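Chemist: any chance you can model this:
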Amino acid sequence: MDRGIIVSRKEVESTTLSEALDRYEKEISSSKKGHRREKTRISICKNHPLAKRASIRGNDMAFYKDERLKAGYSANTVRLELAIISHLFEIARKEWGMEGLTNPVKAIRMPSPPAVRDRRLGPGELEKLLESSFEDLNQVIRFALETAMRRGELAG
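Modeler: Numbers count the residues shown, from 1 in each chain. Predicted coordinates for the structure are as follows:
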């Protein structure tokens, strides 16, 4: 009982991370702009041994973070994966009625975001790029450079 409200922990204790990720993917992620990339990240999280567990604590998330970083994944990749898991816990608590749930990602330090890059093509690089690409893509390359659009923005 919390502030006079009876909170059932049955659903919280019986739902595995994998099951919650499935629901999150169907109900939340599918409506996001970057749902295809997020789907890939969700799949990676679902294939981790932690996904089979229903009770996950901060030290489990710290282990996940350290394991992924040691495996050679960038800090930003790991940060994005942890952000999905964190958002999942917040959605489960606020929207799915799992009030007794605590977010284990909030108990750990997130990997630092990457430094901002400021890369420009050097002298002669545009010509080499255009020579090495298919002729049909040259106009797309020039358009992307002039507008500073990313690949996803060009395709969308």
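Chemist: what count of nearby residues applies to residue 102?
Modeler: The local packing of residue 102 (other CB atoms under 10 Å) involves 14 other residues. Every residue, glycine included, has its C-beta placed from N, CA and C.
Chemist: and it, what does it touch?
Modeler: Going by CB atoms under 8 Å, 6 or more residues apart in numbering, residue 102 touches 89, 93.
Chemist: where in the chain is the helix or strand with the lowest mean pLDDT?
Modeler: Of all helical and strand segments in the chain, the minimum by mean pLDDT, DSSP states H and E falls on helix 10-14, at a mean of 69.
Chemist: and this structure, what are its domains?
Modeler: Per automatic domain parsing, the domain ranges recorded for the chain read 10-107, 125-155.
Chemist: got those as CSV, with distance to residue 116 columns?
Modeler: Below are the domains of the chain laid out as CSV (distance: least, CB to CB, whole Å):
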stretch, distance to residue 116
domain 10-107, 12
domain 125-155, 14
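Chemist: buried deepest among those domains, which one?
Modeler: By mean neighbour count, with neighbours taken as mean count of other CB atoms under 10 Å, domain 10-107 ranks first of the domains of the chain at a mean of 16.
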